[in-house]
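Asks: sharing a model that was predicted from the sequence below.
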Amino acid sequence: MRTYLVGGAVRDKLLGRAVIDHDHVVVGARPEDMLALGYKPVGKDFPVFLHPHTSEEYALARTERKTGRGYHGFAIHADPGVTLEQDLARRDLTINAIAEDEAGNLVDPYGGARDLEQRLLRHVSPAFVEDPVRLLRVARFAARFAPLGFRVADETMQLLGQMVRDGEVDHLVPERVWAETRKALSEAQPSAFLRVLRESGALAVLFPEIDALYGVPQRAEFHPEIDTGIHVEMVLDAAAKLAPGNDLVGFCALTHDLGKALTPKDELPRHVGHEHRGVKPLRALALRLKVPTEYAELAERVCSEHLNVHRAFELKPATVLKLLTALDAFRRPERLQIFLTACAADKRGRLGHEQDDYPQAAYLCHARDAAASITSTAFVAQGLQGPAVGKAIEKARTQAIADIKFGS
């Protein structure tokens, strides 16, 4: 029985990154051997155990055989005769197929350490094409490691395209697409996720609403990058800088301009009303991928209201109050912060505007605080009741916003 540290822990250790999860492979053991040593079984599809003291995962070495479509179509084989090299061969990328023994020696049969040095995301074997989730994982790893100079190897990109053409991607279930997308949106450079999906052809299959944005022109005086798809990529990366790891901000950034794909061609490059046109495709995307309600609702607000936020200083106080109320900003101020961060990312996601200030966010936070200071207490004390109290609060809050001397 031999135990090895594997996967992301070894990869990140070699890259000098913080190691969060420690996963292990056990070679030469049976499930009863693990149970006898006090390990707790947790795996349903294959034998995985938790260490009795550290709770780290230990999986028996295994092989996989394709039996059907999609990522569920595999037969798992685990027994003491499966070697470490066989176990590593079933992994997706060479950089994830490196093991370390208990003495700290690397076992690297597929050149993962070399690919780390060359900054390549390369598949381990032709069996890569058998699991469509791997396409999403490669795109997600691209989003994580793009700041370090990683790119997808040419031969791996060819396999990704083959998976799309062969229809494997069509068998991805919505929950898994969303899970991988959500992780990608929390990475350092989410634009790389879109680029890999688009180059492979998967973006048109999984996110047709986003794929349709590429090639749609915008007015150069406002968007020097011109292409709406490129703009969305830039907004995603701006969001990642403004709110590192926040996938909710990322989803709002991803979907804020879907309406531009629906602008009549004779109106281009202007996009009058795109913020309202974008709601329908956003709802379709969120429904198809079973996006959580909180994400779908806030993304819809960003989609429909981001232009109002950009011109916040021009809005009437009553309109500002209406916007804050619609966001539920008085009960949930943290929601306002996420909303405003996504809008700021839209402002910065333009060529040459990456460092622009966004005073609208501070103004709306100030307006929220001023309005929130108005409560029902004083009006009830005056003898007002029922709807009269609500009207008095609304009037006073509107005046409180009007009285703001922003920047003083």
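Replies: Yep, it's here.
Asks: give the residue spans of the stretch 1-150 of the chain that score low on pLDDT.
Replies: Applying pLDDT under 70 to the stretch 1-150 of the chain flags the ranges 45, 65-75.
Asks: what's the longest helix in the chain?
Replies: Using DSSP state H, we find that the single longest helix of the chain is helix 293-310.
Asks: on contacts alone, who are the packing partners of that helix?
Replies: helix 247-255, helix 274-277, helix 279-288, helix 317-326, helix 333-348, helix 359-372 (3 or more C-beta pairs under 8 Å, 6 or more residues apart in numbering; DSSP states H and E). Every C-beta, even on glycine, is put in place using the N, C-alpha and C of the backbone.
Asks: which of those helices sits most buried?
Replies: helix 247-255 (a mean of 28; mean count of other C-beta atoms under 10 Å).
Asks: tell me what angle it forms with helix 279-288.
Replies: In terms of direction (axes from the mean of the first three to the mean of the last three C-alpha atoms, to 10 degrees), helix 247-255 departs from helix 279-288 by 130 degrees.
Asks: what is helix 247-255 packed up against?
Replies: The contact analysis (3+ C-beta pairs under 8 Å, 6+ apart) places helix 247-255 against helix 174-185, helix 208-211, helix 228-242, helix 293-310, helix 333-348.
Asks: change it to 10 Å
Replies: Judged by 3 or more C-beta pairs under 10 Å, 6 or more residues apart in numbering; DSSP states H and E, helix 247-255 is in contact with helix 174-185, helix 191-200, helix 208-211, helix 228-242, helix 279-288, helix 293-310, helix 333-348.
Asks: can I get those in JSON lines with distance to Arg270?
Replies: Supplementary listing: those in JSON lines, determined by distance: least, C-beta to C-beta, whole Å:
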{"stretch": "helix 174-185", "distance to Arg270": "29"}
{"stretch": "helix 191-200", "distance to Arg270": "25"}
{"stretch": "helix 208-211", "distance to Arg270": "20"}
{"stretch": "helix 228-242", "distance to Arg270": "12"}
{"stretch": "helix 279-288", "distance to Arg270": "19"}
{"stretch": "helix 293-310", "distance to Arg270": "13"}
{"stretch": "helix 333-348", "distance to Arg270": "17"}
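Asks: nearest to Ser373, out of the ones you listed?
Replies: helix 333-348 (12.8 Å; C-beta to C-beta).
Asks: what angle do that closest one and helix 247-255 make?
Replies: With the same axes, to 10 degrees applied, the angle from helix 333-348 to helix 247-255 works out at 40 degrees.
Asks: packing partners for helix 333-348?
Replies: Counting contacts by 3+ C-beta pairs under 10 Å, 6+ apart, helix 333-348 packs against helix 228-242, helix 247-255, helix 293-310, helix 317-326, helix 359-372.
Asks: how about a cut-off of 7 Å?
Replies: helix 228-242, helix 247-255, helix 293-310, helix 359-372 (3 or more C-beta pairs under 7 Å, 6 or more residues apart in numbering; DSSP states H and E).
Asks: give me the residues contacting the last one.
Replies: Under the criterion C-beta atoms under 7 Å, 6 or more residues apart in numbering, residues 309-310, 312-313, 320-321, 324, 329-330, 333, 336, 340, 344, 397, 400-401, 404, 406 lie in contact with helix 359-372.
Asks: quick one, that helix and helix 293-310 angle?
Replies: Using the same axes, to 10 degrees: helix 359-372 against helix 293-310 is 110 degrees.
Asks: roughly how far out does helix 359-372 sit from the chain middle?
Replies: Offset of helix 359-372 from its chain centre (C-alpha atoms, centre = their mean, to the nearest Å): 28 Å.
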